[in-house]
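> Sharing a sequence plus its predicted fold:
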Amino acid sequence: MIQLIILIILVWALQCVFTLFQLKYFNREYINLRKKGFVLIGKQRSRISRGCVILLLITRDGEILDGKVMNGYTVFTRFKTLAFVKNRNIMENWEDEKIDSVIKKALYNAQSNYIKELEMLNTQNIPA
């Protein structure tokens, strides 16, 4: 019984360590995009199925200049280029796209975040 408890603690500790590495990797990718301009983050979280995080480099008008997606089940997942979003507007309807539903939900989350950001700028009377 003690061996099982030790094994569970060890697996949990490894999960924490690998999560820290993934966060460090995410921050590095975010900072690299942030140096180029405004970055939107879209996410689709799930405890059981796979999750998805999207980083979109956009102009203030909503034109997407670059996109990256991290989509998978484990902490070993890495960012990949999201080529089909380049030179498109964040406010487009993504329903007709033949893409994974998890990526689609993350794109809609990024849209929602963009709308919230615009509303916040408008309430503070800051020009977009």
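Yep, that arrived.
> contacting residues for Gln22?
Contacts for Gln22 (Cβ atoms under 8 Å, 6 or more residues apart in numbering) come out as 75-77. Placement of C-beta: from N, CA and C, glycine included.
> From those, list the buried ones, please.
Listed as buried from the contacts of Gln22 are 75, 77; burial here means 16 or more other Cβ atoms under 10 Å.
> Include secondary structure and pLDDT when you put the contacts of Gln22 into CSV, please.
Shown next, in CSV, are the contacts of Gln22 (DSSP: H, G, I helix; E, B strand; the rest coil; pLDDT from 0 to 100):
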residue, secondary structure, pLDDT
Val75, coil, 81
Phe76, coil, 84
Thr77, coil, 86
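> want to throw the contacts of Gln22 into CSV with distance to Glu29?
Output for the contacts of Gln22, formatted as CSV (distance: Cβ to Cβ, whole Å):
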residue, distance to Glu29
Val75, 15
Phe76, 15
Thr77, 12
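> Would you check how far apart Lys43 and Leu121 are?
Distance of Lys43 to Leu121, given as Cβ to Cβ, to the nearest Å: 21 Å.
> same thing with Arg88?
To Leu121, Arg88 is 22 Å away according to Cβ to Cβ.
> Next secondary structure after the top helix by length along the chain?
The residue-count maximum for a helix in the chain (DSSP state H) belongs to helix 2-34. Downstream of helix 2-34, the first helix or strand assigned by DSSP states H and E is strand 38-44.
> Dig out what the residue nearest the centre of the chain forms beta bridges with.
Nearest residue to the geometric centre of the chain (Cα atoms, centre = their mean): Val53, 2.4 Å. Note on Val53: beta-bridge partners by DSSP bridges are Lys43, Met70.
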